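*Asks:* Make a model of this:
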Amino acid sequence: MGTAIDPEQPLPVYVQLKTLLIEEIINGRYGPGDRLPTEHELCTIYNISRTPVNRALTEMAEEGIVLRQRRHGSFVNPDWVPPHTAVNTVEVVVPEGCWEAVVRAAAPPGLSLHIVQVGLSDLRQVLIRAVAEGRAPDLAVMDSVWVHEFAASGFLTPLGELDADWVRDEYERDFVEPFRSANKFDGRPVAVQAEADVAGIWYRRADVAAVGHEPPRTWGELAALGSALAKRGTAIPLTLPGGSLAGETATYFLLSLLASNGASVLGHSAVTLDTAAATESLTFLRQLLHAGIIPAESVSYERDVPMRQLAQGRASMAIGGSYDAPALAAEASLTTEDLLDEFGFIAMPAGPRGPAATLAGGMVYGIFRQAASPQQTMRLLRAVTSVDALTRMSQETLQLAPRHTALERAAARSPFLRATGTMLEQAAVRPPTPPYARVSAQLHALLESVLSERQEPQVAAARTADLISAITGLPVA
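*Replies:* Numbers count the residues shown, from 1 in each chain. From the prediction side, this is the model:
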């Protein structure tokens, strides 16, 4: 809305307004059943008198475009089909798993969707290739760490261009940090968080209780618990994704470990990996390896191996994320309601330099510049990120809703969501940088080199810092 109406034009003012409103409906600004602005609001928006507003709405009602309800307003008739207008189908690409069901459940009535599922390990390349070939989807669900890379390459539409009112009234006011800022590029939001998750340690409650320990809060307590489990005969006290085969899951773990000791990889203007805090983090991992607490084979694990080991009773603890809850429940033949009776989840225990900390991540919705139906796609985006849709998603998947209102609603019914929601308040995020994929690859290699004992922790951290400096153009602090 907001296109000017010119009283000096030969076309009557009411016809101009009627034309604008019909265009807004066709473009998806108002969907079937949506309420149009009131007569008073339209007078204010377009700086016109009430007479042409009333006539425009009256004619639209007579033509079956809107339904007028006394004292309630004018609503788009769900049965109205614009003449000579083809039905627009919104093309959506999602990762395998729950996402197609989530999008379909929240989609507005009457919106035609064509959804393609792609394996998460292939999703980034599939989207890049689609853009290069001029056939990008309208909307995609993708990893939040790709946002800056895609935005810097011009792939994504700033959301304010499609609906500035929604960005001001809903995005800026209700979406949670750290994602609200992380999903901006050049100060403008270019993606919306679809869900949030936090990194931490899953553990078998019975195993921890059997050795007389509480869930660990510090590195020292984690090492003591791991040693007690090893002495008890546990095959794998602590399992983790330890190398390149685990992909982004390995990076997610390493960054959460660094955060637990006050270390990081990138600051605002420098590479911050070559520090005493980072070296201590890597040295702690090496100590757990030598103590037989984590397996040397972890360097060759794929991303889903640790959760399978935990679910099957071969491991007592596994480093992962809150997003693992549905997969862990399925592998252990439990419902998500029963999962927390057998398994617990905690933030990464605190190192000597930092409090118990965690890393936050998740998937986002992004609208592509090549979208054939940008307004219809924005309509879908508003629907899938509504408070009701996000509350439902959170309750069904145990993922955190990225809006304050939805997060509070879902957490009120779930102790797990209350606990992980509290972790989110102090969480760090993965470094938002356009060449993130190459930075992440170096972090995989760093983790693998430490656990395979190819390099000493301090040497490995310094070398990786130099490589990341070359990739990002930032100096090493």
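*Asks:* Skip ahead from the helix or strand that contains S181 and say which helix or strand is next.
*Replies:* Here S181 sits within helix 179-182, counting by DSSP states H and E. Downstream of helix 179-182, the next assigned helix or strand under DSSP H and E is strand 184-185.
*Asks:* ok now that next one, how far from the chain's centre?
*Replies:* 14 Å (Cα atoms, centre = their mean, to the nearest Å).
*Asks:* Check stretch 448-461 too.
*Replies:* 31 Å.
*Asks:* got the buried residues for it?
*Replies:* In terms of neighbour count (16 or more other Cβ atoms under 10 Å), stretch 448-461 has its buried residues at 448-451, 455, 457-458, 460-461. (C-beta placed from N, C-alpha, C; glycine too.)
*Asks:* count of residues packed around G154?
*Replies:* Residues lying near G154 (other Cβ atoms under 10 Å) number 10.
*Asks:* Contact partners for the closest residue to it other than its chain neighbours?
*Replies:* The shortest distance from G154 to any non-neighbouring residue, by Cβ to Cβ, 6 or more residues apart in numbering, is to R369 (6.2 Å). Contact partners of R369, counting by Cβ atoms under 8 Å, 6 or more residues apart in numbering, are 136, 154-157.
*Asks:* quick one: which of those is nearest to A412?
*Replies:* L156 (33.7 Å; Cβ to Cβ).
*Asks:* wait, that closest one sits on A191?
*Replies:* Yes - using Cβ atoms under 8 Å, L156 is in contact with A191, at 6.5 Å.
*Asks:* which residues do those two both contact?
*Replies:* Common neighbours of L156 and A191 (Cβ under 8 Å, 6+ apart) are 147, 366.
*Asks:* those strands in the stretch 101-250 of the chain, which residues are they?
*Replies:* 112-118, 139-143, 184-185, 188-189, 192-193, 197-204, 236-239 (DSSP state E, counting those that start in this stretch).
*Asks:* re the thing from before, mind giving me the packing neighbours of the helix holding S181?
*Replies:* Counting contacts by 3 or more Cβ pairs under 8 Å, 6 or more residues apart in numbering; DSSP states H and E, helix 179-182 packs against no other helix or strand.
*Asks:* which residues sit against that helix?
*Replies:* 144, 147, 171-172, 189, 193, 196, 360, 362, 364, 402, 429, 432.
*Asks:* and these, which are buried?
*Replies:* 144, 147, 171, 189, 193, 196, 360, 362, 364, 402, 429, 432.
*Asks:* ok, so of the buried residues of stretch 448-461, who is nearest E8?
*Replies:* Closest approach between these and E8, by Cβ to Cβ: A461, at 68.9 Å.
*Asks:* residues contacting the residue lying closest to V116 once chain neighbours are set aside?
*Replies:* Of all residues not flanking V116 in the chain, V93 sits nearest, at 5.1 Å (Cβ to Cβ, 6+ apart). If a contact means Cβ under 8 Å, 6+ apart, then V93 has 115-116, 118, 123, 126-127, 130, 137, 139-141 as its contacts.
*Asks:* rewinding a little: just put the contacts of R369 in CSV and tack on pLDDT and distance to M393.
*Replies:* Shown next, in CSV, are the contacts of R369 (pLDDT from 0 to 100; distance: Cβ to Cβ, whole Å):
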residue, pLDDT, distance to M393
A136, 93, 25
G154, 94, 30
F155, 96, 25
L156, 97, 22
T157, 97, 23
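*Asks:* re the thing from before, could I get the buried ones among the contacts of helix 179-182 as TSV with distance to R379 and pLDDT?
*Replies:* Output for the buried ones among the contacts of helix 179-182, formatted as TSV (distance: Cβ to Cβ, whole Å; pLDDT from 0 to 100):
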residue	distance to R379	pLDDT
S144	23	93
V147	21	95
Y171	15	97
P189	17	97
Q193	19	97
A196	23	93
A360	28	90
G362	23	92
V364	18	98
P402	19	95
V429	28	86
P432	28	83
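*Asks:* Which ones among those residues lie within helices?
*Replies:* V147 (DSSP state H).
*Asks:* Would you mark the buried spots in the helix or strand hosting L289?
*Replies:* Using DSSP H and E, L289 falls within helix 276-290. Going by neighbour count (16+ other Cβ under 10 Å), the buried part of helix 276-290 is 277-282, 284-286, 288-289.
*Asks:* Among those, which one sits closest to V476?
*Replies:* Set against V476, the nearest of those by Cβ to Cβ is A278 (11.6 Å).
*Asks:* Pop the domain breakdown of the protein in here.
*Replies:* According to automatic domain parsing, the chain comprises the domains 13-76, 89-190+361-425, 197-358+432-472.
*Asks:* ok, N77 - how many residues close by?
*Replies:* N77, neighbours per other Cβ under 10 Å, totals 17.
*Asks:* is it true that it touches L67?
*Replies:* Yes - contact criterion Cβ under 8 Å: N77 and L67 qualify, at 5.2 Å.
*Asks:* before we move on, back to that, could you dump the buried residues of helix 276-290 into a markdown table with distance to P178 and pLDDT added?
*Replies:* Below are those laid out as a markdown table (distance: Cβ to Cβ, whole Å; pLDDT from 0 to 100):
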| residue | distance to P178 | pLDDT |
| --- | --- | --- |
| A277 | 20 | 96 |
| A278 | 21 | 96 |
| T279 | 26 | 97 |
| E280 | 24 | 98 |
| S281 | 21 | 97 |
| L282 | 25 | 98 |
| F284 | 25 | 98 |
| L285 | 25 | 97 |
| R286 | 30 | 97 |
| L288 | 29 | 98 |
| L289 | 31 | 97 |
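*Asks:* Is it possible to get TSV of those that adds distance to E396?
*Replies:* Shown next, in TSV, are these (distance: Cβ to Cβ, whole Å):
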residue	distance to E396
A277	38
A278	38
T279	42
E280	40
S281	35
L282	38
F284	37
L285	35
R286	40
L288	35
L289	38
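*Asks:* with those in mind, which one is nearest to Y203?
*Replies:* Nearest to Y203 among the buried residues of helix 276-290: L288, at 14.9 Å, using Cβ to Cβ.
*Asks:* Please tell me how far that closest one sits from V90.
*Replies:* 48 Å (Cβ to Cβ, to the nearest Å).
*Asks:* L229 now?
*Replies:* 50 Å.
*Asks:* Outside of stretch 140-154 itself, which residues are in contact with it?
*Replies:* Residues outside stretch 140-154 that contact it (Cβ under 8 Å, 6+ apart) are 92-95, 99, 103, 120, 123-124, 127, 131, 156, 179, 182-183, 185-186, 190-191, 193-194, 248, 361-366, 368-369, 429-430, 432-437, 440.
*Asks:* Now list the buried members of those residues.
*Replies:* 92-95, 99, 103, 120, 123-124, 127, 131, 156, 179, 182-183, 185, 190-191, 193-194, 248, 361-366, 368, 429-430, 432-434, 436-437, 440.
*Asks:* Can you give me the neighbour number for the closest residue to D197 other than its chain neighbours?
*Replies:* Closest residue in space to D197, ignoring its immediate chain neighbours: Y323 at 4.0 Å, by Cβ to Cβ, 6+ apart. By other Cβ under 10 Å, 24 other residues sit near Y323.
*Asks:* same thing with E170?
*Replies:* By the criterion of other Cβ under 10 Å, E170 has 18 neighbours.
*Asks:* what about it, distance to T385?
*Replies:* Taking Cβ to Cβ, one finds E170 at 8 Å from T385.
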